[in-house]
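*Asks:* what would the 3D arrangement of this be:
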Amino acid sequence: MKKTVFSLLALLFVFSSAGYGASTIFLRITKNLQEKAELVILFGMKEDNYWKDLMKILERDLGYSGYFSITESLFVDNPAESKKKYSTEIMLTGEKTADGINIRVEDLLEEKTLFEKSYKRQADADPSYLAHTINNDIVFYFTGKPGMALSKILFVSDATGKYQLYCIDYDGENMARLTDAEYLVHYPKWLVPNREMLYVSYEGGWAKLMHMNLTSGRTKMLIGEPGLNACASPCPATGELAVILSKTGRPNVYVYDFEGKQKRQVTAGNSTDASPSFSPDGSMIAFVSDRRGSPQIYTMTKDGYRVSRISFVSGYSTSPAWSPDGNYIAYVFMNGSSFGLAVYENATQETRIVNASLGSEDISWAPDSRHIVYADMKSRPSSLMIIDIVNGEKRRLQSGKANFFSPSWSNFY
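*Replies:* Numbering: from 1, shown residues only. Reported below is the predicted structural model:
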């Protein structure tokens, strides 16, 4: 796959909003995702627990982003003086203000200020939110892509002895159980990130698509047709859901609105169609079908036209997931006795194998269109992992004595 070049429009937006000239480092991070920029963090303030925690979280967030390699982070009396001894590429300094902190990112090689913004500290607030916000602003400035530090991931676990739905921060913090069902619940999907979700409930012994408001805790059945009701893929841009229903006998792709009203049946025939994934603009759907013998990945318009196969790396491919920026479709393929991860680039129609032995059919994109969360089913018990599709780096999100699987990242805002 060719190295990704972010769109000119995104760059122009970033330049105009920041008000600073582009540096060599800025352009390199923007155009060459495989190369990390070395970064030093200096805070010019008294070291107390709040600012110490904020620095630690910010350092971790920037490292997790995949764009930066943090070489040092420390508190100093005078950042302007202390930075002179460094020959690193980028310097991030934080100086305390009357009501918070001023963050400045500089290109030391070209002596340019790349980013500067002041942030208010909320009284008695946890430093995590502020650190995550700073990170997301910096990532967006450098890349034109949303940061992922404020995002959350839904998943299923049997930690209580029964399958329940949970939510966790992108960095593995603040895990919370969302359901206490006596029946099987599965396949959670964000409808409104951090506020509303969809999931499959087997209450009564059959699969129904449910809606849950996380603020009030109220649930309602969204789609409950005879047979299978599953595999929901929301598209906020159009207010539509692509779902799989078997009410006519064979599983087919349908489109519903967010209120649970059918708009159209998209596929029909003797094949088994599954796992639809809306493109971010709602114009296209990726899906799985065995219409030519074995399960493979196809794309089509949301009305079912221009059907095209995109997977050719294996005799079995499944779980397509359209990236939030619309550039890629990730999918899982059978590789011997394991599952691998492939990424198809829509512009070039090229496919790159990211990992040949991922060991999972459950994948979901981060908001930055760079990271994917998946369930590592090779581990016992199963655990949640995050992989960087650019450099292949992995980190474990959650593991323990229970099984963790079926993750769904809040990859749109």
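
*Asks:* stretch 216-230: end-to-end distance?
*Replies:* 24 Å (Cα to Cα, to the nearest Å).

*Asks:* got the buried residues for it?
*Replies:* 219, 222-223, 225, 228-230 (16 or more other Cβ atoms under 10 Å). To be clear about C-beta, it is placed using only N, CA and C from the backbone, and glycine gets the same treatment.

*Asks:* and the furthest pair within those?
*Replies:* Thr219 and Leu228 (19.5 Å; Cβ to Cβ).

*Asks:* tell me which of the buried residues of stretch 216-230 is nearest to Asp180?
*Replies:* Relative to Asp180, the closest of the buried residues of stretch 216-230 is Thr219; by Cβ to Cβ it sits at 11.4 Å.

*Asks:* beta partners of the closest one?
*Replies:* Counting by DSSP bridges, Thr219 is bridged to Met212.

*Asks:* mind listing what the helix or strand Leu341 falls within pairs with, with the direction of each?
*Replies:* Leu341 is located in strand 338-345, with elements delineated by DSSP states H and E. Next to strand 338-345 in the sheet, as set by DSSP bridges, lie strand 328-335 (antiparallel), strand 350-355 (antiparallel).

*Asks:* which one of these is the most hemmed in?
*Replies:* strand 328-335 (a mean of 24; mean count of other Cβ atoms under 10 Å).

*Asks:* how distant is that one from the center of its chain?
*Replies:* 16 Å (Cα atoms, centre = their mean, to the nearest Å).

*Asks:* just stretch 203-214 next, same as before
*Replies:* 24 Å.

*Asks:* mind listing what's buried in that stretch?
*Replies:* Neighbour counts over stretch 203-214 (16+ other Cβ under 10 Å) mark 207-212, 214 as buried.

*Asks:* just the ones in helices from the residues you listed, please.
*Replies:* Assignment to helices by DSSP state H places none of the buried residues of stretch 203-214 there.

*Asks:* would you turn these into JSON lines with distance to Glu95?
*Replies:* Below are the buried residues of stretch 203-214 laid out as JSON lines (distance: Cβ to Cβ, whole Å):
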{"residue": "Ala207", "distance to Glu95": "55"}
{"residue": "Lys208", "distance to Glu95": "55"}
{"residue": "Leu209", "distance to Glu95": "51"}
{"residue": "Met210", "distance to Glu95": "49"}
{"residue": "His211", "distance to Glu95": "46"}
{"residue": "Met212", "distance to Glu95": "43"}
{"residue": "Leu214", "distance to Glu95": "37"}
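
*Asks:* ok, those residues vs Leu42, which is closest?
*Replies:* Among the buried residues of stretch 203-214, and counting by Cβ to Cβ, the member closest to Leu42 is Leu214, at 38.8 Å.

*Asks:* domains in this protein, as residue ranges please.
*Replies:* 8-143, 152-409 (automatic domain parsing).

*Asks:* looking at these, which is buried most?
*Replies:* Highest mean neighbour count among the domains of the chain (mean count of other Cβ under 10 Å): domain 152-409, with a mean of 18.

*Asks:* which residues does the helix or strand harbouring Pro407 contact?
*Replies:* Secondary structure from DSSP H and E places Pro407 in strand 404-409. With Cβ atoms under 8 Å, 6 or more residues apart in numbering as the test, strand 404-409 has contacts from 148, 151-157, 170, 186-190, 197, 362-367, 373-375, 377, 381-384, 398.

*Asks:* please repeat the previous calculation with a cut-off of 6 Å.
*Replies:* The contact list for strand 404-409 (Cβ atoms under 6 Å, 6 or more residues apart in numbering) reads 153-157, 187-190, 362, 364, 366, 373, 375, 382-384, 398.

*Asks:* among those residues, which are in helices?
*Replies:* Among the contacts of strand 404-409, no member lies in helices (by DSSP H).

*Asks:* in strands only, show me the residues you listed.
*Replies:* Judged by DSSP state E, strands contain the following of the contacts of strand 404-409: 153-157, 187-190, 364, 373, 375, 383-384, 398.

*Asks:* would you mind measuring from the residue positioned nearest the centre of the chain to Gly144?
*Replies:* Nearest to the geometric centre of the chain sits Ala366, at 1.0 Å (Cα atoms, centre = their mean). Distance of Ala366 to Gly144, computed by Cβ to Cβ, to the nearest Å: 15 Å.

*Asks:* which ones are touching Ile57?
*Replies:* 128, 131.

*Asks:* now do the SS call for it.
*Replies:* Of the three states, Ile57 takes helix according to DSSP: H, G, I helix; E, B strand; the rest coil.

*Asks:* roughly how far does it sit from Lys120?
*Replies:* 17 Å.

*Asks:* then Tyr64?
*Replies:* 24 Å.

*Asks:* cool, Pro146 as well?
*Replies:* Taken as Cβ to Cβ, the span from Pro146 to Lys120 is 21 Å.

*Asks:* cool, and Ala242?
*Replies:* Taken as Cβ to Cβ, the span from Ala242 to Lys120 is 41 Å.
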